[in-house]
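J.: here is a sequence together with a model predicted from it:
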Amino acid sequence: MKFIFSAISLLFALVTSAQFNNSPEKFGKTITSNDLSKHLYIIAGKEMEGRGTGTPGLEKAALYIENEFKRIGLEPGNKNSYQYYFPLFQDSLLSASIQINGTTFQTGRHFNADLRQNTNHHIQNSEIVFTGYGIDDPAYSDYKGIDVKDKVVLIMEGEPKTGDTTYTISGNSKRSGWNLNTSLKIRAASKNGAKAILILVNNFPNFNPGRKQTRGPLYPGFTVSTTAPVYRISDSVAISILGNEQLNLIKIAAKKGSSLQSMVIQKPVELQLEKFQFETKSSDVVGLIPGTDLKDEYVVITGHMDHLGKRDSVIYYGADDDGSGTCAVMEIAEAFSLAKKAGKGPRRSILFMTVSGEEMGLWGSDFYTTNPLFPLEKTTVNLNIDMIGRMGNEYTKSLSDSTKKGDPDSLNYVYIIGDNKLSTDLRPISEKANNQFIHLKLNNKYNDPKDPNRFYYRSDHYNFAEKGVPIIFYFDGVHKDYHRPTDTPDKINYDLYARRAQLVFYTAWEMANRNEMLKRDIKLEMP
């Protein structure tokens, strides 16, 4: 009897030991508040100067991350390199002019030219086509019955209404994208063959024409503009085209939302622009842990390492946004590396990537998903971490109330965005990992398609989602130091930060080791 009891005890001990050794928990617990703090005080330190894209500060941050990836044993994600560079450009205007019927107009005083949108050109034409609001939509088109191919096009801001309160295109009281997004009108004019586009701007800015034009903003060189040259013009330029009386009548009609009659104006027009283009580059930092039997499938874990940089002498430190995500990626990578060294490496390969250019328009993730290092169709998930070190405004506001009600754990939360989109597998896996190991309150508030913040479309995961890759976005909410110089490492809640990073690790563990890739069985919601 004693022998049987001893045998059972030994078997139980062996099973328990095996379960422990197979559990990710001992690796997840290596993600600590102390380690996160050490990384973050460097990444969001004074030396990095706010990590602006295209600046030496961000290059220093990228080198620090690369060295950490090397130290913990990650392989280079880009063949023999940990850096995945993409080109950036910056323009300096040398000269620009508009001449209508022999009258010459000055840049800054009478018009502005979008340097990024315009290549060097010298355009001459004998006529200008006024195309009303410049809309080309099934519900309403200003291009019906009029040919703009190889012509200079003049368009107005705004859109038509049906009655006093209903917009023609949306069919309700809300303005459509044609009104809110000028790029739609630019693309429509280009699609219809316009040679150049003049947009009449209400309340044209009053610039000092004597001020020298400095370099324009940075923009990525991996996207090529397919639109015609664009000029934003003042009333004085429009009057030279339409005449004062005609312009006044058009403005009155546009203010009421009346439809506008397209017309061809026979007047010679000459447009000229010359710029000098500076080329630089930025990078995503990529480190890889190869998988075992499913090594040709991938989990991608991201956080953006850039922030707003330095403005004059003021540094925007970006500790939470997104130093917290960047350092979490490094700590999660180290936990997986320790697991691999212990013989518990992931079945799928895991790419750890800190991207740049997020604050500029999701550039780094756009570059990666346009030019992926590993097939997106074989990428089972992107787990994106963008701000997980603090508490959002609504949680901070409720702190005293929660404490009074005896529920301090109400602040033990993280926002989970995107887990109900693209794949029905996402939410069950996320919730299982949380329930088993972390016990955070998973707040799905920002999954609501009607949420005005539209966070689902505002971080790097969206470029993966747009290509069909299931995603989860981890977020703490907006706080009073968001995009301010006061977003500093001393304000981070490091214990909560570590728990959120551990949640990402445990979720990634399941994604990397389950038998099947995630189903892609939900249609993408478009913005």
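T.: Good, I have the coordinates.
J.: any idea how this protein splits into domains?
T.: 89-277, 282-513 (automatic domain parsing).
J.: those into TSV, with extra columns for mean pLDDT, mean neighbour count and distance to residue 74?
T.: The C-beta positions use only the backbone N, C-alpha and C, and glycine is treated the same way. Formatted as TSV, the domains of the chain follow (pLDDT from 0 to 100; neighbours: other Cβ atoms under 10 Å; distance: least, Cβ to Cβ, whole Å):
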stretch	mean pLDDT	mean neighbour count	distance to residue 74
domain 89-277	89	17	25
domain 282-513	94	21	3
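J.: could you export these as JSON lines, including distance to residue 52?
T.: Listed next are these as JSON lines, based on distance: least, Cβ to Cβ, whole Å:
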{"stretch": "domain 89-277", "distance to residue 52": "9"}
{"stretch": "domain 282-513", "distance to residue 52": "2"}
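J.: go through those domains and name the closest to residue 77.
T.: domain 282-513 (2.8 Å; Cβ to Cβ).
J.: for the closest one, measure first residue to last.
T.: For domain 282-513, the first-to-last residue distance is 33 Å (Cα to Cα, to the nearest Å).
J.: switch to numbering from 4
T.: In the new numbering, first residue 4, that becomes domain 285-516.
J.: quick one, what contacts the residue positioned nearest the centre of the chain?
T.: Nearest residue to the geometric centre of the chain (Cα atoms, centre = their mean): residue 365, 3.2 Å. Taking Cβ atoms under 8 Å, 6 or more residues apart in numbering as the criterion, residue 365 is in contact with 462, 463, 465, 466.
J.: and the third one, which of the three is it?
T.: So the one you mean is residue 465. helix (DSSP: H, G, I helix; E, B strand; the rest coil).
J.: relative to residue 288, how far out is it?
T.: Between residue 465 and residue 288 the distance is 20 Å, computed by Cβ to Cβ, to the nearest Å.
J.: same check, this time on the last one
T.: Residue 466 sits at a distance of 17 Å from residue 288 (criterion: Cβ to Cβ).
J.: kindly report the same for the second one.
T.: If you measure residue 463 against residue 288 using Cβ to Cβ, the figure is 13 Å.
J.: do the same with the first one
T.: Noted for residue 462: a distance of 17 Å to residue 288, by Cβ to Cβ.
J.: test my guess that residue 95 contacts residue 277.
T.: No - between residue 95 and residue 277 there is no contact under Cβ atoms under 8 Å: 10.1 Å.
J.: what do those two both touch?
T.: Joint contacts of residue 95 and residue 277 (Cβ under 8 Å, 6+ apart) do not exist.
J.: tell me what residue 115 is bridged to.
T.: Beta-bridge partners for residue 115, by DSSP bridges, are residue 235.
J.: from residue 392, how far off is it?
T.: Applying Cβ to Cβ to residue 115 and residue 392 gives a distance of 40 Å.
J.: one more: residue 200?
T.: Relative to residue 392, residue 200 is positioned 44 Å away (Cβ to Cβ).
J.: ok, now residue 50?
T.: Taking Cβ to Cβ, one finds residue 50 at 20 Å from residue 392.
J.: may I have the strands that pair with the longest strand anywhere in the chain, each with its orientation?
T.: Of all the segments of type strand in the chain, defined by DSSP state E, the longest one is strand 272-292. Its sheet considered, strand 272-292 pairs with strand 78-79 (antiparallel), strand 86-103 (antiparallel), strand 124-128 (antiparallel), strand 351-358 (antiparallel) by DSSP bridges.
J.: C-terminal to that strand, what's the next element?
T.: The C-terminal neighbour of strand 272-292 among helices and strands, as given by DSSP states H and E, is strand 297-307.
J.: packing partners for that next one?
T.: helix 328-344, strand 351-358, helix 366-373, strand 382-388, helix 497-516 (3 or more Cβ pairs under 8 Å, 6 or more residues apart in numbering; DSSP states H and E).
J.: go through the ones you listed and name the closest to residue 146.
T.: Closest of the helices and strands packed on strand 297-307 to residue 146 is helix 366-373, at 30.1 Å (criterion: Cβ to Cβ).
J.: centre of the chain to that closest one, how far?
T.: Taking Cα atoms, centre = their mean, to the nearest Å, one finds the center of helix 366-373 at 10 Å from the center of the full chain.
J.: for it, packing partners?
T.: Here helix 366-373 touches strand 86-103, strand 222-223, strand 272-292, strand 297-307, strand 351-358, helix 464-469, going by 3+ Cβ pairs under 8 Å, 6+ apart.
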